[in-house]
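> The following block contains a protein sequence and its predicted model.
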Amino acid sequence: MSLLTVHPESGAGTPEIVRGGDAIAARLAGIGVLFERWQANRTFGPDAGADTILTAYAEPVERLKRKYGFESADVISVGPDHPQKSELRSRFLSEHTHSDFEVRFFVEGRGLFYLHHADRVYGVLCEGGDLLSVPANTRHWFDMGAEPCLKCIRLFTTAEGWVADFTGSDIGDRFPRLEDYLKHYA
Ligand SMILES: CSCCC(=O)/C(O)=C/O
Ligand SMILES: [Fe+2]
Ligand code: NI
């Protein structure tokens, strides 16, 4: 199940735990983050390409493009047999920002976003059907786990797609990785 944990940025102590889509959405709205639960009612094989997934979700993706002015969309699809799974995982593990507002829609699988806002860190465990925004310039990192399983549509307000500015902080090392997070909080 989707889950939100709210930690001090030191990573110390026990986080506040928020469960349930509406409660998570309300809490994240307080920091300008959009969280929605959608129907992810299509299933795809492990080899489904980006075009197949974008075509299946063409209508809601078009709606988001019109509503928020998104210019481009891509699909990140990683399974436990992906030959570059470790490289892909590492790419997102360090704290970074994006200069544009982005939305991610989890078509299948799961992943753990950490959003760093003011002196708090919000751990958002996303699963199939979850839509999460990362507002422009929000510090964050993401863990897909050692045995990743996710298909996620990403929408960007620029044509360039995913461009990250790394903050150089090691804050991500103070917070549980996906496997530990599931063990402790899920
Ligand atoms: C779940 S989408 C892949 C991760 C990503 O796009 C991002 O920006 C992580 O910080
Ligand atoms: Fe990011
Ligand atoms: Ni532990």
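On my side now, so go ahead. Ligands and ions are numbered 1, 2, ... in the order given.

> Which positions in this structure make contact with ligand 1?
Within the chain, the positions lying close to ligand 1 (Cβ under 6 Å from any ligand atom) are 76, 92, 104, 111, 140-142, 152, 154, 162. The way it works is simple: take the backbone N, C-alpha and C, and place the C-beta from them, glycine included.

> Now list the buried members of those.
Neighbour counting by 16 or more other Cβ atoms under 10 Å classes 76, 92, 104, 111, 140-142, 152, 154 among the residues of the chain next to ligand 1 as buried.

> Just the ones of the residues you listed in strands?
Within these, residues falling in strands by DSSP state E are 76, 104, 111, 140-142, 152, 154.

> And F106, how far from S2?
Note on F106: its distance to S2, by Cβ to Cβ, to the nearest Å, is 9 Å.

> what residues do these two have in common as contacts?
Common neighbours of F106 and S2, using Cβ atoms under 8 Å, 6 or more residues apart in numbering, are 126-127, 130.

> Spatially central residue (nearest the centroid) of the protein, please.
Geometric centre of the chain, nearest residue: F113, 4.8 Å, by Cα atoms, centre = their mean.

> This structure: helices as residue ranges?
21-29, 50-56, 58-68, 85-93, 178-185 (DSSP state H).

> Outside of the longest one itself, list whatever touches it.
Put plainly, it is helix 58-68. Here helix 58-68 has contacts from 38, 54, 70-71, 73, 101, 103, 105, 153, 155, 157, using Cβ under 8 Å, 6+ apart.

> Show me just the buried residues among these.
Buried members of the contacts of helix 58-68, scored by 16+ other Cβ under 10 Å, are 70, 73, 101, 103, 105, 153, 155, 157.

> residues touching V33, list them.
Listed by Cβ under 8 Å, 6+ apart, the contact partners of V33 are 115, 122, 132-135, 138.

> do that again at 10 Å, thanks
4, 24-25, 27, 113, 115, 117, 122, 124, 132-135, 138, 140 (Cβ atoms under 10 Å, 6 or more residues apart in numbering).

> If we only consider the residues of the chain next to ligand 1, which is nearest to Y181?
The closest of those to Y181 turns out to be G111 (Cβ to Cβ; 10.7 Å).

> doesn't E147 make contact with the closest one?
No - G111 lies out of contact with E147 (Cβ atoms under 10 Å); the separation is 12.0 Å.

> what touches both of those two?
Contact criterion Cβ under 10 Å, 6+ apart; residues shared by G111 and E147: 78, 89, 178.

> Tell me which residues touch the second one, please.
What it means is R89. Per Cβ under 10 Å, 6+ apart, neighbours of R89: 78, 82, 111, 142-148, 177-178.
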